[in-house]
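> quick one: sequence plus predicted model below, questions after.
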2 protein chains.
Amino acid sequence: MVKTRLEIEEAVPALKLLGDKARLTILGMLKNGECCVCEFTEVLGMSQPSVSQHLRKLRDAKLVKEDRRGHWVFYSLNENYEAYDLVLGVIGYVSDQSEKIAELERQGKRIECK
Amino acid sequence: MVKTRLEIEEAVPALKLLGDKARLTILGMLKNGECCVCEFTEVLGMSQPSVSQHLRKLRDAKLVKEDRRGHWVFYSLNENYEAYDLVLGVIGYVSDQSEKIAELERQGKRIECK
DNA sequence: TACTTATATAATTATATGCTTATATAATAG
DNA sequence: CTATTATATAAGCATATAATTATATAAGTA
């Protein structure tokens, strides 16, 4: 993995965003591909507005992209983010969040976004 | 580099501490070996109590160790910290802070700690 | 058009964070 | 024992952060 060197000033905002349970989980989920908002809400067990506000922070900072399709909005990692390598690197140290999505699948809760 | 997988709950406190300019700089400086408090104060251009309080947070969370020698207290990375790999990994994405220590050297400001 | 569903935004409130100033402690020198 | 230097701690204050509740918007359906 290539390590793009960042100035402290570039790394800090990314790390601030990563240092939150909800946002780190969201980013961990996105490692395996896009997810829609209701999946985050389900996995995190948080209120919809709360999730939405975390997504806004990630969006405003350009860590993630959004893609609306009908009723649903799908989020994915923005590979053009200046500290993308750092984000990927950090996510790499965290246990796989796809397990939580699989858990949803088993509970039949994933079909809510269809 | 080995990637020890952490649970979200273990990674978040470390990332919270990393997401601050002063603390990330301190950790970046420690990558190259121990430093004493007056060096942090000098490089960061912050008040001594402010630096001391950042060091306390890093110490309380076990990211760093302290070693008092006479008047001076030297800090170093704690390689037994549960998220040590993550910390090292993140520091690896940040530009080398040893340059800032070298700068001190040039300015003759480093001898304050002797 | 009106209704429903998914998501976003705004306002409010509670808590956390980081800095400043003042003071305390620890180590050493005289 | 006193003074000095390096560092730590405490109290106070200002700002930042995150959650909740209420409301708005966007897209699709009857």
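Cool, the structure landed. Please read these numbers as outputs of a predicted model, since none were measured by experiment. Numbering: from 1, shown residues only, chains lettered A, B, ... in the order given.
> now A:N80, nearest residue through space, not along the chain?
Counting by CB to CB, 6 or more residues apart in numbering or on different chains, A:N80 lies nearest to A:K62, which is 7.7 Å off, once chain neighbours are set aside. Placement of C-beta: from N, CA and C, glycine included.
> what does the model give that neighbour for pLDDT?
pLDDT recorded at A:K62 is 98.
> how about the helices in chain A?
Taking DSSP state H to define them, one finds helices in chain A at A:8-18, A:21-30, A:37-44, A:48-60, A:84-92, A:98-106.
> hmm, back to that, ok, the residue nearest to A:N80 - how many residues close by?
15 (other CB atoms under 10 Å in any protein chain shown).
> next: A:D60.
10.
> how far away is the closest residue to A:M46 other than its chain neighbours from A:V51?
Among residues not flanking A:M46 along the chain, A:A22 sits closest, at 6.3 Å (CB to CB, 6+ apart). The spacing between A:A22 and A:V51, counted by CB to CB, to the nearest Å, is 7 Å.
> okay, and the common contacts of those two?
Common neighbours of A:A22 and A:V51 (criterion: CB atoms under 8 Å, 6 or more residues apart in numbering or on different chains): A:L44.
> stretch A:4-17 and DNA strand D in contact?
Yes: with CB under 7 Å from any atom of the strand as the measure, stretch A:4-17 is seen reaching DNA strand D through A:K16.
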